[in-house]
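> Next come a sequence and a model predicted from it.
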Amino acid sequence: MSNEPTAAESMKLLSVNCGLPREVEWHGQKVSTGIFKSPVKGRVLLRRLNLECDRQADLTVHGGADKAVYCYQISHYEFWKKRLPEVELPMGAFGENFTIDGPAEDFIFVGDRFSVGSAEIVVTQPRQPCYKLGIRFGSDLMVRRFLASGRTGFYVKVSREGEVGAGDDLRLVSREADAVAVSEVTRLYLAESFTEHDLGVLRRLVKLEALPEGWKEYFQPLAEERPR
């Protein structure tokens, strides 16, 4: 696989979405969540851990350097509008920081490095939705539906801080030679058995520098299995 950027892999930042944690009631309990995001105007400083206007509620599972920014494709909104016709879906509805116009997860690879505004970001992993996505949509079933759809979006870490804003291009700077698509990470995570091809992908995946350690620890034993 070539590590040279191509025009087909350029993206556009349509909306920058931020939100501070708020307390909501869910199944009779008070829950703090930062999933409610709204578009912001102007340019925003992107730091190593998040946008300066954004915060996460539970830092044990959200946020951190490997999940500094969550990106979600505008094309996925059309999919959900057909399946959730009764739900308002403004940009930021899925808790994403960047609503982007770009290709699906099949064409976004772990380790992809993009420039955006004066910042630079690196793709790290797909989203694993938690129950708070269900809170946002008022349905416990939403978590399962979201994961099953394959339309996970992806997280990035910040390799260079800078300012970003709606309208910025995301330009692919580099791609690792043995990169693995974000969609493949999700597929392998959900797989109950592996072919020889799958094991080869797993072996490539665990060697990727950008893949967070938690994912490597999960996939490493699987990469050593026999096909079944």
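Perfect, thanks for sending it.
> what sits against the residue minimising distance to the centre of the chain?
For the chain, Phe154 is the residue whose C-alpha lies nearest the centre (CA atoms, centre = their mean; 1.8 Å). Applying CB atoms under 8 Å, 6 or more residues apart in numbering to Phe154 gives the contacts 70-71, 105, 108, 123-127, 182. Where C-beta positions appear, they are placed from N, C-alpha and C, glycine not excepted.
> what's the pLDDT at it?
With respect to pLDDT, Phe154 has a value of 98.
> can you map out the helices along the chain?
74-83, 131-137, 141-149, 182-190, 196-205, 213-223 (DSSP state H).
> Quickly list what Asp101 is bridged to.
Lys12 (DSSP bridges).
> List the contacts of it.
By CB under 8 Å, 6+ apart, the contact list for Asp101 reads 11-12, 14, 73-75.
> For ChimeraX, what selects the buried ones among those residues?
To isolate the buried ones among the contacts of Asp101 in ChimeraX, judged by 16 or more other CB atoms under 10 Å, type:
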select :11,14,73
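> What is the burial count for Val164?
A total of 22 residues lie near Val164 under the criterion other CB atoms under 10 Å.
> hang on, it packs against Glu120?
No: the criterion here is CB atoms under 8 Å, and Val164 misses it with Glu120 at 10.5 Å.
> Poorly predicted segments of the protein, please.
By pLDDT under 70, the low-scoring segments of the chain are 1-9, 57-63, 227-228.
> domains for it, by residue range?
8-174, 182-223 (automatic domain parsing).
> Need the winner for burial among those domains.
domain 8-174 (a mean of 18; mean count of other CB atoms under 10 Å).
> From Leu51, how far off is Val40?
Separation of Val40 from Leu51 (CB to CB, to the nearest Å): 8 Å.
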